[in-house]
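Colleague: Make a model of this:
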Amino acid sequence: MWSLEKFSLSNDQANESARKLWETESLGGLTEDNNRLPVPVVVLLVLTILTAFAVTFPLWGQRPTAAVYAAYVKSMDLPEIKAISDDNVAMQKIVEMNKGSRYEAALVRHPLTLNDLRIIKPQIEALMASGVDLEEYTVVGNTVTKANFEGNFRPDGTRIRKQPWWDKGYFIDIFFIFFFFLGVVLVVKHLPAYAWQPDHHHDH
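Modeller: Model (predicted):
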């Protein structure tokens with residue numbers, strides 16, 4: 001039975017076996033000690049992970065939907081836009097006209113050229129004419145397609161095809177990082193208590 005006093009999740013027999021193995025294995029000529037990880041290293045590791053997430057914050061994986069570009073598509077038919085011959089200037093004007101919209105953050109993360117809009121415009125207009133929820137359609141390159149998410153069922157039996165609000169592309173990363181460190185901690189805590197140090201004499 002393991003005891004908290006020994007700071008090990010293994011029982012005495014397992015700890016004794018681990019000590020013998022530790023002493024007898026050559027480890028390729030290395031002499032690994034049973035030391036605790038220094039606190040500054042732990043802090044640096046946590047800081048590195050947090051910094052990585054913070055730096056890539058704008059790249060969170062919320063996929064652009066047809067709803068994001070619907071206002072852009074409508075703006076393309078305005079007389080003042082059609083009167084502009086330069087595509088870059090016209091696109092800049094469309095962007096300015098739609099600043100402050102509900103999808104502004106997504107538009108910043110997923111910019112399009114005027115040629116891109118010309119390609120997806122008929123597809124989005126067809127969806128708008130059919131009266132479907134544009135947030136259930138994802139823009140992938142030059143194609144507008146049904147989102148591959150499968151949410152709850154509606155009363156009519158159809159599935160909600162919207163990306164969950166909490167799914168920003170990092171959820172799976174956080175999941176694996178948590179279980180990776182949990183696994184490391186459990187493995188380390190099954191070793192003999194750090195108060196014991198091998199002498200590496202290989203005569204045990």
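Colleague: Tell me how this protein divides into domains.
Modeller: Per the record, the chain has its domains at 4-58+171-189, 66-146, by automatic domain parsing.
Colleague: Least confident of the ones you listed, on average?
Modeller: The weakest mean pLDDT among the domains of the chain belongs to domain 4-58+171-189, with a mean of 83.
Colleague: Reformat the domains of the chain into TSV and put distance to residue 157 next to each item.
Modeller: Where C-beta positions appear, they are placed from N, C-alpha and C, glycine not excepted. Output for those, formatted as TSV (distance: least, C-beta to C-beta, whole Å):
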stretch	distance to residue 157
domain 4-58+171-189	28
domain 66-146	15
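Colleague: Tell me which of the ones you listed is the most buried.
Modeller: domain 66-146 (a mean of 15; mean count of other C-beta atoms under 10 Å).
Colleague: can you tell which of the domains of the chain is closest to residue 159?
Modeller: Closest to residue 159 of the domains of the chain is domain 66-146 (C-beta to C-beta; 9.2 Å).
Colleague: now that closest one, how far from the centre of its chain.
Modeller: Domain 66-146 sits 26 Å away from the centroid of its parent chain (C-alpha atoms, centre = their mean, to the nearest Å).
Colleague: same check, this time on stretch 35-48
Modeller: 23 Å.
Colleague: Check what contacts it and list those residues.
Modeller: 194, 197 (C-beta atoms under 8 Å, 6 or more residues apart in numbering).
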